[in-house]
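*Asks:* Any chance you can model this:
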Amino acid sequence: MHLPEWAERGRGVGKWDGTERPPFAETPGPGQKSVWDFPRPPRIEADARHIVICVGGTVIADTMAALRVLETASPPTFYLPPSDVRMELLRPASGAFRCEWKGTAQYWSVRTQDGEQVRAQAGGFYAGWITRDVMGPFKGDPGSGGW
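*Replies:* Okay, here's the model as predicted:
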């Protein structure tokens with residue numbers, strides 16, 4: 001498969017691809033995974049957890065059929081079926097990002113996953129969900145520009 005030139009450039013950045021953890025990676029505890037064990041290029045997998053997205057107490061999405069993208073150094077990015085999202089209640093978030101693997105993304109704000117408050121990924125160009133079950137450091141954190 002021929003990739004666009006911008007995608008080929010992106011593939012050459014960073015030496016970490018999930019086959020080994022860098023020395024600065026945090027060690028995951030029981031029930032956790034290191035984002036440094038995630039692959040590059042990324043893997044898409046089904047995630048059967050019950051994901052509920054709320055704003056001001058109003059449910060805007062409710063699914064058990066999410067897909068998540070696992071990529072080295074990044075918290076998982078979740079994709080929900082459009083049929084499980086009340087799009088009329090959402091507004092696009094500012095900015096967009098062009099990934100060498102997935103193309104251009106549009107972002108939406110989220111608050112809740114299985115009752116757990118998620119933490120946004122640092123930086124203005126990623127949209128991973130940081131939860132208790134993933135360990136970093138993550139792309140976008142201060143000092144992560146070289147990997």
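
*Asks:* drop to CA atoms for contacts and neighbour counts, all remaining ones
*Replies:* Will do.

*Asks:* tell me the SS of P23?
*Replies:* Put simply, P23 is coil when judged by DSSP: H, G, I helix; E, B strand; the rest coil.

*Asks:* Can you tell me how far it is from G136?
*Replies:* 12 Å (Cα to Cα, to the nearest Å).

*Asks:* More neighbours: the two, which one.
*Replies:* G136 (20 against 7; other Cα atoms under 10 Å).

*Asks:* Where does L70 sit, in terms of helix or strand?
*Replies:* Here L70 sits within strand 66-71, counting by DSSP states H and E.

*Asks:* Could you look up the next helix or strand downstream of the helix or strand of the chain with the lowest mean pLDDT?
*Replies:* Ranked by mean pLDDT, DSSP states H and E, the weakest helix or strand in the chain is strand 112-113, scoring a mean of 54. Beyond strand 112-113 in the direction of the C-terminus, DSSP H and E gives the next helix or strand as strand 116-117.

*Asks:* what about the protein, any weak spots by pLDDT?
*Replies:* 1-14, 56, 108-115, 124-127, 147 (pLDDT under 70).

*Asks:* how about 50 then?
*Replies:* 111-112 (pLDDT under 50).

*Asks:* mind listing the strands for this protein?
*Replies:* 33-34, 43-47, 51-55, 58-63, 66-71, 74-79, 96-99, 103-106, 112-113, 116-117, 119-120, 129-130, 134-135 (DSSP state E).

*Asks:* Before I go, just wanted to say thanks for your time.
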